[in-house]
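# no sequence on this one, just coordinates:
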């Protein structure tokens, strides 16, 4: 299946900008016009701002499985209803329950200094009283991979990879690998603990970036935590004296069982084909140090507000707009995978989808994974989004976002809507993920994009190629 | 005494830019030339950077009276010796011992949320288990002052005054008043606790600004803490719902006795008049959340490095350069006041002085409180500093800095050297006060200023007017 799919993609590129043939999917002119109106109205609509303000103020931190997991689900269901969605329901998602009770750290010798750190998801706790060990430092994950196990055995491994800002946030690829794969590699080599320079671009903020490791229940994990950037600088300065450096980690955290939460779903029911859906959303859980404004209150707000604008039209769109507030994205896409497993058999009914999970910065680029016969319709969408500053790149696949990527992996046609992530990783997974980091105008631009494309997809004459196993080779999968 | 002093200042202004008369203090031409060489050399000297890196890396947080108070003094004495100062000694300073053990806070109702806060110096602790009370909110200190005690009795007062950035940092005048006077006013009206929006200009950082209250031992204080700016925003958003808001403060801190620390002093001994001194310095203590880089490792480093440059000249200056690393500035100028009490009788031997305690930003302006006959010498100093971007404002008094202000109040002639404080209050008294906030080039400019003026003052023919009770009415006093 691999080659033909690539050929199909190449063929579709050749057809870019061409006139649609009779068999092609097309967005009717009236729907294009309505989408333009939705787009322009969205730029002056404050629903998304009000939604994310409400979520961060009334619920706040929403660590999956914590008491606020339930409060957040109640909030989401109530908010969908307050926004007059036609249908509101939940679907369960079960996952390991990891709890964070206490965390602290310090350089013990040669220069005693407290360290600002954050225990990583699925990290086990340290022995009571803490773990004290010498540091084995590496600049990169590659250097750790290459290390002789004898050099790290019994030590606390530290990896100092430093992320830098960029619009696409591409350093997070390595930053998240240092956080996820690093502890697993260190544990396999016999390390006693693991520290990394936070996977974050706030070089001067004494705030650590939380995030999940690659450990899963049953793994022989080791205590693992992220240092704030200035604390990593400090540790590296101390290491530069060339003397053995001893660190203490005191983490009270770990997996304590399983928890069943839920994806919370709201729908604007399609008029003609209510069982055919355009899927959008975000994730409802957040890391606990912050209030989950950019990650991912924004995604919840953008998708709820976009659907609400469509709801407020004189009549419902042909197909259903489904907004999914996913459970536990942060610790392993548990809500997304439960959703995809449940709905894989109906993947052909998912016209097109993507969720929003990279903050609230302006969307600047669109990619799509659709059947060749739907490229013209994607170009029609791109034309409507163009005045918003969104460039359509026909060479880029559509991955469907963090959560709906799981449905895309099952064969759902999908978009990628790249947000400007220049500052996203300054605040990502930290106490600093708070409402003040969101620019209401940039948020509204996102809503405009989502309202316009969702409506157009829901009104299309024809489909976008969703089918079991479709798009498996577009490069977005695992 | 008040009028004549003002007249004298006015008269000196009229003389500004005039040629010196025979009785005036003058800096010899050779000393001016040497000062220019010191200035230019300082811009390429890394001693100050190395000193502040050493202090923040090897000692770190230095809360007055904490175990690190002793470590910092040992460090300072060792550093003076390593820099080959001619004389190193200490003079004791005794102060109340306040300790911080634990602090946390939360909005309890209507929306439970943790709050990032920092207990204020001399705050008593809350009852075990915390203090829970309704919030009485005020926008300003004036509004709190005007409040009917019945409206705050038994409540946790919150004052939301917001500081903004400026080069001169003038908002700190009100910011520090909200922190120091606010709790005292609230306590007098029967409040149960006190919260303020941090006296800091980092509008988006989830880091609280510590600092001292106006409480002193024996006062009936109330638990008092500062919220980070985003937490203050959150509290205000919750208050805006118009429902009663309940907050929990859980502070384990308080005054537990007295402590005797010390000012640590290093001297480059004068060749002709060893008992006549030019006094510079900074304070050795810091707030505990950070490592005291800008407050006030920088001041220690600037003054040590300036004196070291003078030390490295082919011969000692005529008078002694005295660098004072003051004890416990942060909780009430205890080291400074002990120093001034001890040396008030010898104030006439202090030629000229000022310490550095506003970070490491470039010095942009100089003021001076000196006798009229020393204005010409100050102009000579100003001419040497001018290429560094320092403007001399003859209408401005010289206050002597945070600590040497106490000697100025006893009659020491003094300078004010204004540093660019645009970002100082972003980090002031927070965990973010770390080495990375210092720009080595800006730090070196400070050293150039201090080396040049200190040397010129030490080489002056004549004095600057220090005498018991002099300058009492220059507007810098209490």
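Done, it's in. Bear in mind the structure is a predicted one, so any value in this text is a computation, not a measurement.
# Can you read off the pLDDT for the closest residue to residue A:155 other than its chain neighbours?
Nearest non-adjacent residue to residue A:155, counting by Cβ to Cβ, 6 or more residues apart in numbering or on different chains: residue A:136, 4.1 Å away. Every C-beta, even on glycine, is put in place using the N, C-alpha and C of the backbone. pLDDT, residue A:136: 98.
# What's the separation between residue A:136 and residue B:210?
Distance, residue A:136 to residue B:210, by Cβ to Cβ, to the nearest Å: 35 Å.
# Who has more neighbours out of these two?
residue B:210 (29 against 21; other Cβ atoms under 10 Å in any protein chain shown).
# which SSE is residue A:368 in?
Using DSSP states H and E, residue A:368 falls within strand A:363-369.
# so what secondary structure elements neighbour the helix or strand following that strand?
Note on strand A:363-369: by DSSP H and E, the next helix or strand toward the C-terminus is helix A:375-385. Applying 3 or more Cβ pairs under 8 Å, 6 or more residues apart in numbering or on different chains; DSSP states H and E, we find helix A:375-385 packed against helix A:29-42, strand A:363-369, strand A:391-392, helix A:440-459.
# pLDDT on helix A:375-385, on average?
98.
# orientation of it relative to helix A:29-42 in degrees?
30 degrees (axes from the mean of the first three to the mean of the last three Cα atoms, to 10 degrees).
# which parts of helix A:375-385 are buried?
A:375-382, A:384-385 (16 or more other Cβ atoms under 10 Å in any protein chain shown).
# any chance of these in CSV, plus distance to residue B:427?
Shown next, in CSV, are these (distance: Cβ to Cβ, whole Å):
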residue, distance to residue B:427
A:375, 52
A:376, 55
A:377, 52
A:378, 48
A:379, 50
A:380, 51
A:381, 46
A:382, 45
A:384, 46
A:385, 41
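# Who are the contact partners of the residue nearest to residue A:292 when sequence neighbours are not counted?
Leaving aside its chain neighbours, residue A:292 sits nearest to residue A:286 (2.5 Å; criterion: Cβ to Cβ, 6+ apart). By Cβ atoms under 8 Å, 6 or more residues apart in numbering or on different chains, the residues touching residue A:286 are A:61-63, A:292, A:295-297, A:330, A:433.
# do that again at 10 Å, thanks
Shown in contact with residue A:286 (Cβ atoms under 10 Å, 6 or more residues apart in numbering or on different chains): A:55-56, A:59-64, A:66, A:68, A:72, A:210, A:292-297, A:329-330, A:429, A:433.
# Residue A:456 now?
Residue A:456 sits in contact with A:27-28, A:31-32, A:34-36, A:38, A:278, A:317, A:352, A:377-378, A:380-381, A:384-385, where contact means Cβ under 10 Å, 6+ apart.
# try 8 Å this time
If you count contacts by Cβ under 8 Å, 6+ apart, then residue A:456 has A:27, A:31-32, A:35, A:377, A:380-381, A:384 around it.
# distance of it from residue A:418?
Taking Cβ to Cβ, one finds residue A:456 at 19 Å from residue A:418.
# Just confirm residue A:140 contacts residue A:158, I think it does.
No: between residue A:140 and residue A:158 there is no contact under Cβ atoms under 8 Å: 11.7 Å.
# Could you tell me which residues touch both of those two?
Counting by Cβ under 8 Å, 6+ apart, nothing touches both residue A:140 and residue A:158.
# neighbour count winner among these two?
Higher neighbour count among residue A:140 and residue A:158: residue A:158, with 26 against 15, using other Cβ under 10 Å.
# hang on, the more buried one in a strand?
Yes: assessed by DSSP: H, G, I helix; E, B strand; the rest coil, residue A:158 belongs to a strand.
# Please name the bridge partners of it.
residue A:137, residue A:195 (DSSP bridges).
# residues from chain A in reach of chain B?
Counting by Cβ under 8 Å from any Cβ of the partner chain, chain A comes close to chain B at A:53, A:56-61, A:111-114, A:116, A:203-207, A:230, A:233-234, A:237-238, A:290-291, A:430-432, A:434-437.
# Among these, which ones are in strands?
A:113-114 (DSSP state E).
# The residues of chain A next to chain B in helices, which ones?
Judged by DSSP state H, helices contain the following of those: A:53, A:56-58, A:230, A:233-234, A:237-238.
# possible to save those as CSV with pLDDT?
Formatted as CSV, those follow (pLDDT from 0 to 100):
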residue, pLDDT
A:53, 98
A:56, 98
A:57, 98
A:58, 98
A:230, 98
A:233, 98
A:234, 98
A:237, 98
A:238, 98
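# Most neighbours among those, which one?
Going by other Cβ under 10 Å, residue A:56 tops these with 29 neighbours.
# OK, contacts around residue A:452?
A:35-36, A:38-39, A:42, A:381, A:384-385.
# Doesn't residue A:405 belong to a helix?
Yes: under three-state DSSP, residue A:405 falls within a helix.
# Next, find the distance separating it from residue A:471.
Counting by Cβ to Cβ, the gap from residue A:405 to residue A:471 is 11 Å.
# Pull up the overlap in contacts between those two.
Contacts common to residue A:405 and residue A:471, judged by Cβ under 8 Å, 6+ apart, are residue A:414.
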